[in-house]
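> Quick one, fold the following:
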Amino acid sequence: MARIFITGSADGLGRMAAELLIEQGHRVVLHARSQARAEETKRNVPQAEAVLVGDLSTIAQARKVAEQVNALGVFDAVIHNAAVGYKEPERIETEDGLSHVLAVNTIAPYILTALIAKPKRLVYLSSMLHQNGDPTLEDLTWKARAWHGEQAYSDTKLHDVLLAFGIARRWPGILSNALEPGWVPTKMGGTEATDDLNEAHRTQVWLAASEQPEALVTGEYFYHLRKKSALPAAHNFAMQDRLLAICERLSGIALPE
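Got it, this is the predicted structure:
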């Protein structure tokens, strides 16, 4: 039995993963961005050990989420599921001067990775759109570029792969992997999505808790329980290190050795 924390698990794939893990006998701690959402989540998933609260679009609240996690003790796995989508029509600036998409999809998982006591496994949700991400890592905050919602999202999903691979290198004792769940009809994916919703949450569950040899790897990218090729640039060590350095500068939080 493993103990697993899942960000962004009030609904969608995060909640589906939580329910499957609970069904498998694992202890699961969930996360919602507000107290109202947390109360709703407690009603919907009463078997959850706890529901933590924090808006991951701000550095201060991401810190508080990490503090809440650490107060509960050490976890076997953390699934970085929380994300905002690719349809934001304009650049929304957070209180930290970041774009909303960057704050939630890139900076928050970095902060939580840096501050939560190291688990045995880290799982980062990416997207097939990471293949369209900008590997130059220029103007991550979108202050110079004209806003393009899908490109901003694609960039952050590339960041998630870089983060997973970079952590796999930095922390060799931890299994750190990324995956794409497919384009599925969730609130984020929309009704036109064509992939199988019943399969979309299974890979993160498998990477977080399975003892199968195929799941006990690190620095890999997956789709539906199978390894898949990530954008080649994601394997570039210098690019991984550059993203980690940018995240440290933007958040003011250093990654532990």
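> Averaged pLDDT, the lengthiest helix in the chain. What do you get?
For the chain, the longest helix by residue count, based on DSSP state H, is helix 149-170. Throughout helix 149-170, pLDDT has a mean value of 97.
> Give me the helices and strands touching it, please.
On a contact count with 3 or more CB pairs under 8 Å, 6 or more residues apart in numbering; DSSP states H and E, helix 149-170 meets helix 100-102, helix 108-115, strand 121-125, strand 175-180, helix 237-251. Every C-beta, even on glycine, is put in place using the N, C-alpha and C of the backbone.
> Turn those into TSV, columns for mean neighbour count and distance to Met1.
Formatted as TSV, these follow (neighbours: other CB atoms under 10 Å; distance: least, CB to CB, whole Å):
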stretch	mean neighbour count	distance to Met1
helix 100-102	23	36
helix 108-115	24	23
strand 121-125	26	14
strand 175-180	26	18
helix 237-251	17	32
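> Among those, which comes closest to Ala66?
Closest approach to Ala66 among the helices and strands packed on helix 149-170 (CB to CB): helix 108-115, 3.6 Å.
> Format the CA atom coordinates belonging to the closest one as CSV.
Output of helix 108-115 as CSV, limited to C-alpha atoms (Å, rounded to 0.1, in the frame of the first residue of the first chain):
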residue,chain,number,x,y,z
ALA,A,108,3.9,25.2,-9.3
PRO,A,109,5.2,21.7,-10.0
TYR,A,110,8.8,23.0,-9.7
ILE,A,111,8.0,24.6,-6.3
LEU,A,112,6.3,21.5,-5.0
THR,A,113,9.1,19.3,-6.2
ALA,A,114,11.6,21.5,-4.5
LEU,A,115,9.8,21.9,-1.2
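> counting contacts, what elements does it pack onto?
helix 59-71, strand 77-80, helix 149-170, helix 237-251.
> Just list what the shortest one packs against, helices and strands only.
Strand 77-80 is packed against strand 3-6, helix 108-115, strand 121-125, helix 202-209, with contacts defined by 3+ CB pairs under 8 Å, 6+ apart.
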